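Trainee: sequence first, then the predicted structure, then my questions.
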Amino acid sequence: MLLVSEVVEHKDRFVAGLVKRGIDNAAELLDNIIALDDKRKSTQAQLDELLSESNKLSKSIGMLMKDGKKEEAEAVKQKTADIKAQSKDLTQQLEDTKNELLNELYQTPNIPNPDVPAGKTEDDNEEIFCVKTLPDLGEDAKPHWDLIKEYDIIDFDLGIKITGAGFPVYKGKGARLQRALVNFFLDEAEKAGYQEIQPPVVVNEASGLGTGQLPDKEGQMYHLSDTDMYLIPTAEVPLTNLYRDVILDEKELPIKNVGFTPCFRKEAGSWGAHVRGLNRLHQFDKVEIVQIEHPDKSFDTLDQMVKHVEGLLKKLDLPYRILKLCAGDLGFTSSITYDFEVYSAGQKRWLEVSSVSNFKNYQANRLKLRYKDADNKKHLLHTLNGSALALPRIMAAILENGQKANGIELPAVLKNYTGFDRID
RNA sequence: AGAGAAGUGGCAGAGUGGUCGAAUGCACUGGUCUUGAAAACCAGCGUACCGCGAGGUACCGGGGGUUCGAAUCCCUCCUUCUCUGCCA
């Protein structure tokens, strides 16, 4: 969430940022936040004074009792009643104010970085790279949902039978290809200096709050009502929450972690003709890279992560483009995001396969994730993450782009992982 | 899952109603000494909020309660350990 002290100090910048995102009443919103924070401070100050008085009286009672001056002690006790009532009121007021403030902050998104293009929808995203030529497989090119049936490598009907729509069953070479991709992605990440982490895929409410999935987007996550826990929508949640309430030493930076997990998304209301096959699922696999970085270096780190993802797509020999998301299309917690899309020649369309973001201190503020500098001073860190990569759409693109008359040719780099170089 | 025990500062560990934000030891930081190091000695050493500052307030697993006053008593939840049961 936004850091109130920064909002106060650079209010114009924050107003402009939120307006850029399409929040027209941003000034009003931030004024309210600042007012609530002021109220919080003054109420706290009043309460502190009262408690200070009360503490003094209590101590004097203690001393009087020790000296055996019972009656005098009783007299002081009388005086505390009033203070007690007042402090109870103030405590309640303070708590209400804090909750109201927190609530406002939870509902206020991160501000876009200055170089984020203006715009309202995905149509306004800025293409910063695109391969020169797109594969053209002609009119006979098949979408992957036909190919997987033809070669019997993924079965949607079986998934529907045992679970429901959006939970595919991978079989034979399909399962093997998926596992190969996971291993390839993990190996590449480790080569790039990331430590592999296997986190739980079920998280508690505090973790959802920490990375910003809660309180507003609970509709996206599967909720386990009996234990009040959530299935993760991305490994970002556990991987970043590992560092909730942590103070790192400056020397430990950057933290570079990679995790492979299944991801679960309800995707309520997003079904339609364009989400056939592997394009959108309730459960899918993803390898996620997460970095925790010094505020001065997070943009270099962002570039480095973008390069890493780009390298994966190059090695897989997939046609891709990179988009810099416009302010209106930016995720709630992000300050800047690059999307990677691969061109899938069967559907003749671009598929989003990665999203690399710098959250700056927005998540860190919620997480209370800080570092100690040389003078032992604490500062918020920056968090970043990116998919490297999401499996199903990569799979779709590999299948569609590699299709030949009598089989599917796989990217050469996968041969060592799959043990085969074609599916037929 | 059942029975019992326990959760205190980076770690170990005292403290069972009053000047306790908390003894002591270790670790850590600075200093003295030393050619250097070790040892010894001296000093410092949690987090957050408010305040220009002096200072104040809160925090002893989380939440709630009793009391003028709670690390200490009560309730509740969580976690860990031991025993029993179950299980990949």
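Mentor: Right, received. Where do you want to start? This is a predicted model, so every value here is computed, not measured.
Trainee: please make it C-alpha for all contacts and neighbour counts, starting now.
Mentor: OK.
Trainee: any low-confidence regions in chain A?
Mentor: Within chain A, the stretches falling below the threshold (pLDDT under 70) are A:268-274.
Trainee: surely residue A:336 meets residue A:329?
Mentor: No: here residue A:336 lies out of contact with residue A:329, judged by C-alpha atoms under 8 Å, at a distance of 10.2 Å.
Trainee: between these two, tell me which one has more neighbours.
Mentor: With neighbours defined as other C-alpha atoms under 10 Å, residue A:336 and residue A:329 compare such that residue A:336 has more, 27 against 19.
Trainee: RNA strand B contacts on the stretch 301-424 of chain A?
Mentor: Within the stretch 301-424 of chain A, the positions near RNA strand B by C-alpha under 7 Å from any atom of the strand are A:376, A:378.
Trainee: contacts only, for the closest residue to residue A:316 other than its chain neighbours.
Mentor: Spatial nearest neighbour of residue A:316, excluding adjacent residues (C-alpha to C-alpha, 6 or more residues apart in numbering): residue A:411 at 5.5 Å. The neighbours of residue A:411, taking C-alpha atoms under 8 Å, 6 or more residues apart in numbering as the test, are A:316, A:317, A:398, A:402, A:421.
Trainee: ok, residue A:335 next?
Mentor: Taking C-alpha under 8 Å, 6+ apart as the criterion, residue A:335 is in contact with A:110, A:111, A:112, A:113, A:357, A:358, A:359, A:360.
Trainee: so for it, what's the nearest residue that isn't a sequence neighbour?
Mentor: According to C-alpha to C-alpha, 6+ apart, the nearest residue to residue A:335 is residue A:112 (4.3 Å).
Trainee: same check, this time on residue A:396
Mentor: residue A:144 (5.6 Å).
Trainee: from RNA strand B, how far out is the residue nearest to residue A:173 when sequence neighbours are not counted?
Mentor: What sits nearest to residue A:173 in space, not counting adjacent residues and going by C-alpha to C-alpha, 6+ apart, is residue A:153, at 6.0 Å. Shown here: residue A:153 relative to RNA strand B, a distance of 27 Å by C-alpha to the nearest atom of the strand, to the nearest Å.
Trainee: quick check: phi and psi on residue A:153?
Mentor: Geometry field for residue A:153 lists phi and psi as phi -110, psi -20, criterion degrees, to the nearest 10.
Trainee: who's in contact with it?
Mentor: Residue A:153 makes contact with A:170, A:171, A:172, A:173, A:174, A:175 under the criterion C-alpha under 8 Å, 6+ apart.
Trainee: what of residue A:288?
Mentor: Counted by C-alpha under 8 Å, 6+ apart, residue A:288 has contacts A:234, A:235, A:236, A:258, A:259, A:260, A:385, A:386, A:387, A:388, A:389.
Trainee: so how many other residues sit close to the first one?
Mentor: The number of residues packed around residue A:234, counting by other C-alpha under 10 Å, is 24.
Trainee: okay, stretch A:155-163 in CSV with CA atoms only?
Mentor: The C-alpha trace of stretch A:155-163 is given here as CSV (Å, rounded to 0.1, in the frame of the first residue of the first chain):
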residue,chain,number,x,y,z
ASP,A,155,-7.7,-34.4,-22.3
PHE,A,156,-10.2,-31.7,-21.3
ASP,A,157,-13.1,-34.1,-21.0
LEU,A,158,-11.4,-36.2,-18.4
GLY,A,159,-10.7,-33.1,-16.4
ILE,A,160,-14.3,-32.1,-16.6
LYS,A,161,-15.3,-35.6,-15.4
ILE,A,162,-13.1,-35.6,-12.3
THR,A,163,-13.0,-31.9,-11.5
